[in-house]
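[1] sharing a sequence plus its predicted fold:
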Amino acid sequence: MIPNITRGSRMGGLMVYLASTDADRTKNVHQDPHLVAGDAAIMAWYDDGVLDRDDALAIAKHLDRPRKVFGVSVQIKDLRWDAVKKERVHVGYKDASVWHCSLSLRAEEGALTDQQWGDVANDFVDAMGFTEASGKAPCRWAAVNHGTSENGNHHIHLAVSLVREDGTKASTHGDYKRAQETCRELEVKYGLEQLSTVHATRGYDRAEKATAVRDDREMHRSSLARKVRASASASATEAEFVRRARDTGLLMRPRYAKNTTDVIVGYSVAERPTPGERPIWFGGGTLASDLKLGALRAEWADAPHLATEAAAEWNAAARNKRTVSRMGPENATPPADAWVQYTRNAAALADQLRTIPRDDHATWAKAAREVSGAFAAWSYRLEPSPGPLAATAAELSRTAQLRAPRQHGKPVALPSIAGTAMLFMAASSKNKTAAQTALMVQLINTAFAVYEMHAQSGRTREAGGIRSVVEEQLGPFTATMPKPVLVGGEQQSAPEAAVAPRAIDIARRGMVPIRPGSAVPTPATPAKASQHDRRDSGPGYDR
């Protein structure tokens, strides 16, 4: 990863450039510049969609506010070339309160997801001493994903105001060297290509210590993502989603289109804080790209009266009032045969996925999203705190991330398991049942199909992640489940009864070598761990 640092005085000019898509004004065309990270206030509001000029100026105003409020600027020597002396001479001082750094991957490395870039950006500014991890007041900052440059380098830009929230100045002494060292550490941490062997074995202790300060915030984000994903997957409409999310204890805050109070274009969520504490807000897109409001809406029914109902629920949530409707589907009891039907749908989905081409990213992402939502809903119902089910949901959700969905075709029609999350959310008891086991069997089969896709495509990072969570966490959990003999009070069909113990065996023993043409592999010696392949790609890695 290559850092490139510059200094300046005009935050507005920098942000307008970063948000520009005008090929005549920029060296590289920015196809869809959008935020991937930033300070808490920025990410609670500007997380959803491509930035425009108005967004850029609003963000710049926010970033520059401490400098203007305190009347403080960061001055550096103004060195200019003297043609007579043939050297740079000191002619005075100039304002350099804006710190700008690009972080670029080599073209051969491909791309990272927004979530990965966001994690990298947060770690980077922590290590550079610009956040509360430094023990000082934080600087305001934002990270913009510019996509791929004309040379093929996937990259982001960081804009940092060097005037801290309390009016003190952030030190940039040795920032060039520190940026290089930090990049070496993050290359190790995130499995990126290590551009220098000098620091290859030094690890990332400093970055780890810095990010430890944010552990509590990251726990909030993981918990929020689980509840939002479960609520979204269990809902058929946007209004139902808002009500379900609030039922899980979340605070919901809509983001309105400019100059409107009824057109919702984004949202933020927070866990309900303990008395005396303030909520920690996250924009939907900062949880995962497929949890942006626009992405969620693609899965829900759409009609004028549904939009009106959704706006009413959002406005009630914004004012912390009761939900408008108290007779929604979330309060209904699913039919008795729903467990049987969705178990069969999940079985059909697992079988059909093995006929889907590995490069059909949209279809694989949709399937992974539905299975992830089912595990998230089940986790919410059974796990007081995130456990094996939550970990499985999180791992599968990474496969559901499409960097630029509009660049992909529509997913092919597949057996739907969208209602599976609804079943788990509606379960009246937290006791494990045989019906849940039967459905879990097929969800494991579907997760294994996703694993197979990654393994056969050489994506060792994604395949290894799914394998690890199934072996180390989901496997022991399955040992506590009842035997899958009955589904909703009905005897299983022969195919379902036959596949159940084999699917459970997959979870208990972990992923095993793939046997071509096999829906479920036979037990064998576990596959050897592969060396990291830096050319990873997949539904979460849009090339």
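    Yes, it's here.
[2] in the protein, which spans are strands?
    2-8, 34-38, 75-82, 87-95, 98-104, 141-148, 154-161, 250-256, 264-271, 282-283, 486-487, 490-491 (DSSP state E).
[3] just checking: what are the partner strands of the fourth one?
    With DSSP bridges as the criterion, the sheet partners recorded for strand 87-95 are strand 75-82 (antiparallel).
[4] pretty sure Arg221 sits against Gly285.
    No: under the criterion of Cβ atoms under 8 Å, Arg221 is not in contact with Gly285, lying 11.9 Å apart. C-beta coordinates here come from the backbone N, C-alpha and C atoms, glycine included.
[5] now the strands of the chain as TSV including mean pLDDT?
    Formatted as TSV, those follow (pLDDT from 0 to 100):
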stretch	mean pLDDT
strand 2-8	89
strand 34-38	86
strand 75-82	70
strand 87-95	72
strand 98-104	91
strand 141-148	86
strand 154-161	91
strand 250-256	90
strand 264-271	90
strand 282-283	84
strand 486-487	42
strand 490-491	44
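[6] pick the most deeply packed of these.
    Compared across the strands of the chain, strand 34-38 shows the largest average neighbour count, a mean of 26 (mean count of other Cβ atoms under 10 Å).
[7] how far off strand 141-148 does that strand point, in degrees?
    140 degrees (axes from the mean of the first three to the mean of the last three Cα atoms, to 10 degrees).
[8] what strands flank strand 34-38, and is each parallel or antiparallel?
    By DSSP bridges, strand 34-38 pairs with strand 141-148 (antiparallel).
[9] okay, the partner strand in CSV with CA atoms only?
    Output in CSV follows, covering the C-alpha atoms of strand 141-148 (Å, rounded to 0.1, in the frame of the first residue of the first chain):
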residue,chain,number,x,y,z
TRP,A,141,-11.5,13.7,9.0
ALA,A,142,-13.0,11.9,6.1
ALA,A,143,-11.9,9.1,3.7
VAL,A,144,-13.2,9.0,0.1
ASN,A,145,-13.1,5.9,-2.1
HIS,A,146,-12.1,7.0,-5.7
GLY,A,147,-12.2,3.5,-7.1
THR,A,148,-9.6,2.5,-9.7
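[10] show residues contacting that strand.
    Contacting residues not belonging to strand 141-148 are listed as 15, 18-19, 28, 30-39, 42, 46, 51, 59, 63, 111, 114, 117-118, 121, 125, 130-131, 154-161, 404 [Cβ atoms under 8 Å, 6 or more residues apart in numbering].
[11] let's see it at 7 Å
    18, 30-39, 42, 59, 63, 111, 114, 117, 121, 125, 130, 154-161 (Cβ atoms under 7 Å, 6 or more residues apart in numbering).
[12] report the inter-axis angle for that strand versus strand 154-161.
    Angle, strand 141-148 to strand 154-161, by the same axes, to 10 degrees: 160 degrees.
[13] follow-up on the earlier one: who has more neighbours, Arg221 and Gly285?
    Gly285 (27 against 19; other Cβ atoms under 10 Å).
[14] wait, isn't the more buried one in contact with Gly294?
    No: Gly285 lies out of contact with Gly294 (Cβ atoms under 7 Å); the separation is 8.9 Å.
[15] pLDDT below threshold where in the stretch 151-300 of the chain?
    Applying pLDDT under 70 to the stretch 151-300 of the chain picks out residues 151, 194-219.
[16] which residues in the stretch 351-500 of the chain form helices?
    Assigned by DSSP state H, counting those that start in this stretch, the helices in the stretch 351-500 of the chain fall at 361-382, 388-399, 420-426, 434-456, 460-469, 475-478, 494-509.
[17] and the first one, how far out from the chain middle?
    Relative to its chain's centre, helix 361-382 lies at 14 Å (Cα atoms, centre = their mean, to the nearest Å).
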